[in-house]
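Asker: I'd like to go over a predicted model; first the sequence, then the structure.
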Amino acid sequence: MGGSRLAGGVLATLAALFNGTVGVISVNLFASGLSAQAVAFYKCLLALAVLGVVLLLSGKRQAVCDYLGARWKQLALCAGFGFFMLYNFETAAYQYINVAVVVFCLFGASTVTTFVFSAVLEKRGLYAIDVVSIGLSLAGLSLIFLDVGDPGAGSVAGIAYAVLSGVGYGMFLVLSKRFELGGGLITVFSLMLFGVAYLAVPFVLTGVSLPDSESLPSLVLLALLPTIGGFWCTVKALSLMSSQSVQLIELSEPVFAMIIGFIVLGQVTTLLQAVGGALILLAIAAHELSQNENEQVVGG
């Protein structure tokens with residue numbers, strides 16, 4: 001049990017690291033002339049193509065067909081939240097407000113959604129540790145938010161899109177765990193298949209556009225790192241630990257963003273940001289300690 005939780009924690013941390021690249025790459029693609037809908041659609045389409053080739057070469061075609069035939073209803077529902085809501089609204093939010101504000105709103109909304117929706121499905125109240133973890137997480141993210149500078153005029157549309165993406169991600173985490181979809185490449189490919197179909201609708205409605213040769217490397221990077229790498233790490237972590245634990249660990253994404261910003265852009269982390277990051281890590285540690293104690297009680 002402990003080994004599974006450790007592996008799940010490592011995977012969730014990697015997901016946060018990979019997902020921390022979404023904002024910067026997406027903004028660069030906007031500068032090349034691609035719309036938010038085009039970026040969301042193309043990154044998932046490229047990721048789907050890569051996974052399809054891998055599964056085809058590994059002789060998994062029949063396994064994919066069997067999995068889709070047996071789980072298509074659950075996959076369609078989860079992909080609606082985890083692909084359409086998350087990727088469509090998150091990418092759109094980057095057009096209106098800066099990356100740090102999007103991340104704050106997304107993770108704040110997804111944290112609350114994950115804990116509250118889990119409690120509703122399990123027909124229980126929030127545990128004390130849930131309340132403490134939510135409070136520490138939101139406090140830490142708030143401190144990071146306070147020190148990000150001009151929030152791009154605080155666009156109401158951008159904030160609304162970011163919150164909607166967070167709600168979608170929180171619902172996806174809970175439902176994927178509840179449906180026990182698994183954590184392999186077949187699961188990721190199947191979810192992505194429905195996701196691409198959903199994302200094609202706003203892409204077509206807003207006007208089909210083709211990426212130029214200069215934007216292709218960024219699209220490929222976006223497909224490989226957060227879309228395949230981050231998503232696979234998330235669904236695999238969900239097969240090893242609770243959705244609440246995965247959500248809390250992935251709250252470390254803003255911390256990684258600050259580190260990457262310092263290495264790549266030379267941005268210095270301020271005192272408020274450091275304190276905010278510490279509160280996020282404290283929330284993760286508190287919840288994980290509680291989970292380990294509960295498992296020891298059950299096992300003992």
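Answerer: Cool, got the structure.
Asker: Flag the shaky bits of this protein, pLDDT-wise.
Answerer: Across the chain, the ranges flagged by pLDDT under 70 are 1-2, 100, 147-155, 260-261, 264-269, 273, 287-300.
Asker: Quick one: the helices in it, in order.
Answerer: If you assign secondary structure with DSSP state H, the helices in the chain sit at 2-19, 22-31, 36-57, 61-79, 89-93, 99-121, 128-146, 156-179, 185-205, 216-222, 231-238, 243-249, 253-260, 271-299.
Asker: neighbours of the residue nearest to Pro202 when sequence neighbours are not counted, just the number please.
Answerer: For Pro202, the nearest residue in space outside its immediate sequence neighbours is Gln37; the separation is 4.5 Å by Cβ to Cβ, 6 or more residues apart in numbering. From N, CA and C alone the C-beta is placed, and that goes for glycine too. Gln37 has 23 neighbouring residues, counting by other Cβ atoms under 10 Å.
Asker: ok, Gln37 - contacts?
Answerer: Each residue near Gln37 by Cβ atoms under 8 Å, 6 or more residues apart in numbering is listed here: Asn88, Thr91, Ala92, Leu199, Pro202, Phe203, Leu205, Thr206.
Asker: how about 7 Å then?
Answerer: Contacts were defined as Cβ atoms under 7 Å, 6 or more residues apart in numbering; by that measure Gln37 touches Pro202, Phe203, Thr206.
Asker: can you check Val103 too?
Answerer: Taking Cβ under 7 Å, 6+ apart as the definition of contact, the neighbours of Val103 are Gly23, Glu253, Pro254, Ala257.
Asker: The last one: neighbour count?
Answerer: Number of residues near Ala257 (other Cβ under 10 Å) recorded here: 24.
Asker: so it makes contact with Val22?
Answerer: No: taking Cβ atoms under 7 Å as the definition, Ala257 is not a contact partner of Val22, at 9.7 Å.
Asker: which non-adjacent residue is nearest Phe41?
Answerer: Phe203 (4.0 Å).
Asker: Just confirm the one you found contacts Lys43, I think it does.
Answerer: No: in this structure, Phe203 sits apart from Lys43 without contact. The criterion is Cβ under 7 Å, and the distance is 11.3 Å.
Asker: In terms of neighbours, single out the busier of these two.
Answerer: Taking neighbours as other Cβ under 10 Å, Phe203 and Lys43 compare with Lys43 leading, 29 against 23.
Asker: In space, what's closest to the more buried one - neighbours in sequence excluded?
Answerer: Counting by Cβ to Cβ, 6+ apart, the residue nearest Lys43 is Leu222, at 4.4 Å.
Asker: Run a quick neighbour tally on that neighbour.
Answerer: Using other Cβ under 10 Å, the number of residues around Leu222 comes to 27.
Asker: Next one: it from Leu191, what distance?
Answerer: Relative to Leu191, Leu222 is positioned 17 Å away (criterion: Cβ to Cβ, to the nearest Å).
Asker: how much space is there between the residue lying closest to Asn19 once chain neighbours are set aside and Ala93?
Answerer: Distances taken as Cβ to Cβ, 6+ apart put Gly230 closest to Asn19, at 4.3 Å, once the chain neighbours are dropped. Distance of Gly230 to Ala93, given as Cβ to Cβ: 17 Å.
Asker: Which one of these two is surrounded by more residues?
Answerer: In this comparison of Gly230 against Ala93, neighbours counted by other Cβ under 10 Å, the higher total goes to Ala93 at 30 against 22.
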